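*Asks:* Provide a 3D model corresponding to the input given below.
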Amino acid sequence: QMQLVESGGGLVQAGDSLSLSCAASGRTFANTLAWFRQARGMEREFVAGISWSGGSTYYVDSVKGRFTISRDNSKNLAYLQMSSLKPEDTAVYYCAVRPGLSDRERRAPFEYGYWGQGTQVTVSS
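*Replies:* Numbering: from 1, shown residues only. Model prediction:
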């Protein structure tokens, strides 16, 4: 069983930057990894995804040009670098993985079987 732990969340001001990390432990395997977020009262939303090789990255339109997803498989770590943060980016951010080597984009929560507990990001105006 793979465990995922997010870290790096916090309270920042609009325009600031923040970097989230996702650490995998336990039984690790090749996977597609994604970051999702869920604002209070809203459905969980796809933010960014990355293939195992890192050769395929994709984003929701609202974060393109501001967020960057990356991973270091040698360290079982993934990152979400967020810049030019906006109040509407406020949410609990989750990392999630699904087994496999495919470069196919996976944007739906049901496509991921392993989830972290989430980390809160709050952006004040």
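*Asks:* now do the contacts for the residue nearest the centre of the chain.
*Replies:* Central residue of the chain (CA atoms, centre = their mean): W35, 2.1 Å from the mean position. Applying CB atoms under 8 Å, 6 or more residues apart in numbering, one finds that W35 lies in contact with L20, C22, V47, A48, G49, I69, L80, Y93, Y94, C95, A96. (Each C-beta comes from the backbone N, C-alpha and C, glycine too.)
*Asks:* recalculate using a threshold of 6 Å.
*Replies:* W35 makes contacts with V47, A48, L80, C95, as judged by CB atoms under 6 Å, 6 or more residues apart in numbering.
*Asks:* just the CA trace of the helix or strand encompassing it, in CSV.
*Replies:* In this structure, W35 sits in strand 31-38 according to DSSP states H and E. The C-alpha trace of strand 31-38 is given here as CSV (Å, rounded to 0.1, in the frame of the first residue of the first chain):
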residue,chain,number,x,y,z
ASN,A,31,2.4,6.0,-11.4
THR,A,32,0.7,9.0,-12.8
LEU,A,33,0.5,11.7,-10.2
ALA,A,34,-1.9,14.6,-9.9
TRP,A,35,-2.7,17.5,-7.7
PHE,A,36,-6.4,18.2,-6.9
ARG,A,37,-7.9,20.9,-4.7
GLN,A,38,-11.2,21.3,-3.0
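*Asks:* which stretches in the chain count as strands?
*Replies:* Secondary structure of the chain (DSSP state E): strands located at 2-7, 10-13, 18-26, 31-38, 45-50, 57-59, 67-72, 77-82, 91-99, 114-115, 119-124.
*Asks:* of those strands, which is nearest E105?
*Replies:* strand 57-59 (5.0 Å; CB to CB).
*Asks:* tell me which other helices or strands the closest one touches.
*Replies:* In terms of contacts (3 or more CB pairs under 6 Å, 6 or more residues apart in numbering; DSSP states H and E), strand 57-59 is packed against strand 45-50.
*Asks:* rerun at 10 Å
*Replies:* For strand 57-59, the packing partners by 3 or more CB pairs under 10 Å, 6 or more residues apart in numbering; DSSP states H and E come out as strand 45-50, strand 67-72.
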